[in-house]
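In: model the structure of this input:
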Amino acid sequence: MVSIIRIIVVSMFILTLLSAISGLWIYHSYISPLRGLAEKPSIGDILDKVTKISYTMTFNGEIYVVEVSNNPTVRSGFIRLTYSNGSIVEYTFNYTKNLVLIRILKPQYNTTLLNPREYGEAFATNIRFIQDQGGNVIGVEPFPGIAPLYALHYIGNATLIDWESLYNPRAQYRPQNIQYLFTTINLGGETYRGVEILIQPLYNILTQTLKWYSVEVHAKIANIRGIVTAGELTINIVLRGEIKTIEIKLENIEFKS
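Out: Alright, predicted model coming up:
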């Protein structure tokens, strides 16, 4: 009789332990995207792991299809941007830690070399801010970059977000303009545990130093093979009383084998 009781007690203990371990594993799998953001990787760190992404991009009602192919071995890539009317613009890029070269390929003409310092932000976020000489934003336009993989990293760095404070129970301060909830994300027929996150603007001033503090960001992110990936990403920008919205939906991602 005693041995049976011991077996029951031990079994219950093991089940409780396994349940706790399982619950802890599930919790960490959900917060892993936030941990990935806290690591603050460079563009090179991300692209070195990825060979292809494809997504749709909607800006003010117009839909674009973007296909990015990358060769991590030589750190160069190719972008195909297809407009809703079927016209195509192609780009090539090279990177090290950051973007070092980007060109527009014009069919039947010579290429146009773009300044990587000027277009590095657009490449990272899919948004190009047009500014006057005083640094004030006077226009916004979409750009075919790697926003599903890097926009949140870039915006977090630009606005000094302490991502760790969102999940560290010992954090003394948590950003009041950021809310998140655990969710599942569907991508390419697979379901991943992740986070739905909302970053609300702190200011309404579009200047060189404050522009990223003045946008609203909504994203559904998962950590896929060590890369924080936005399956869905929406950025809202208020410019002269009008909301400019860019929406991105990731269709496919392929990794370096």
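In: what is the neighbour count of E247?
Out: Residues lying near E247 (other CB atoms under 10 Å) number 15. Just so you know, the C-beta spots here come from the backbone N, C-alpha and C atoms, and that holds for glycine as well.
In: surely it and N60 touch.
Out: No: the criterion here is CB atoms under 8 Å, and E247 misses it with N60 at 10.1 Å.
In: ranges for the helices of the stretch 101-250 of the chain?
Out: Along the stretch 101-250 of the chain, the stretches classed as helices by DSSP state H, counting those that start in this stretch are 116-125, 147-158.
In: most packed of the ones you listed?
Out: helix 147-158 (a mean of 22; mean count of other CB atoms under 10 Å).
In: for it, what is the distance to the chain centroid?
Out: 5 Å (CA atoms, centre = their mean, to the nearest Å).
In: contacting residues around it?
Out: Helix 147-158 is contacted by residues 37, 40-41, 43, 46-47, 50, 53, 55, 121, 124-127, 161, 163, 197, 199, 212, 215, 217, 219, 221, 227-231, 233, 235, 248, 250, 253 when judged by CB atoms under 8 Å, 6 or more residues apart in numbering.
In: filter those residues to the buried ones?
Out: Neighbour-count burial (16 or more other CB atoms under 10 Å) is assigned, among those, to 37, 41, 43, 46-47, 50, 53, 55, 121, 124-127, 161, 163, 197, 199, 212, 215, 217, 219, 221, 227-231, 233, 235, 248, 250, 253.
In: so of those, which ones are in strands?
Out: Of the buried ones among the contacts of helix 147-158, the ones assigned to strands by DSSP state E are 50, 53, 55, 127, 197, 199, 215, 217, 219, 221, 227-231, 233, 235, 248, 250, 253.
In: not counting sequence-adjacent ones, nearest residue to N126?
Out: A147 (3.7 Å; CB to CB, 6 or more residues apart in numbering).
In: equivalent analysis for N236, please.
Out: In space, N236 is closest to E216, 4.2 Å off (CB to CB, 6+ apart).
In: residues in contact with that neighbour?
Out: 198-201, 235-236.
In: any stretches of the stretch 51-200 of the chain with poor pLDDT?
Out: Applying pLDDT under 70 to the stretch 51-200 of the chain flags the ranges 107-110.
In: where do the strands of it begin and end?
Out: 62-71, 76-82, 88-95, 99-105, 112-114, 127-131, 137-142, 178-187, 190-199 (DSSP state E, counting those that start in this stretch).
In: CSV for these, including distance to S32?
Out: Shown next, in CSV, are those (distance: least, CB to CB, whole Å):
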stretch, distance to S32
strand 62-71, 23
strand 76-82, 26
strand 88-95, 25
strand 99-105, 26
strand 112-114, 35
strand 127-131, 26
strand 137-142, 29
strand 178-187, 11
strand 190-199, 8
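In: which one, of the ones you listed, ends up nearest to R240?
Out: strand 137-142 (8.6 Å; CB to CB).
In: flag every buried residue along the closest one.
Out: Quick answer for strand 137-142 (16+ other CB under 10 Å): 137, 140, 142.
In: kindly report the same for stretch 174-183.
Out: Buried residues in stretch 174-183 (16+ other CB under 10 Å): 175, 178, 180.
In: partners of the second one in the sheet?
Out: Spelled out, it's I178. I199 (DSSP bridges).
In: and it, how far from N186?
Out: Look at I178 and N186: by CB to CB, to the nearest Å, they are 24 Å apart.
In: same question, L81
Out: 25 Å.
In: of those two, who's got more company?
Out: Legend: neighbour count by other CB under 10 Å for L81 and N186, higher for L81 (19 against 12).
In: show me the beta-bridge partners of that one.
Out: V66, V89.
In: check contacts around it.
Out: By CB under 8 Å, 6+ apart, the neighbours of L81 are 64-66, 88-91, 144.
In: got a PyMOL select line for the buried ones in those residues?
Out: In PyMOL, a selection of the buried entries from the contacts of L81 looks like this (16+ other CB under 10 Å):
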select buried, resi 64+65+66+90+91+144
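In: could you dump the contacts of L81 to a markdown table with distance to Q131?
Out: Shown next, in a markdown table, are those (distance: CB to CB, whole Å):
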| residue | distance to Q131 |
| --- | --- |
| Y64 | 23 |
| V65 | 28 |
| V66 | 24 |
| I88 | 28 |
| V89 | 23 |
| E90 | 26 |
| Y91 | 22 |
| P144 | 20 |
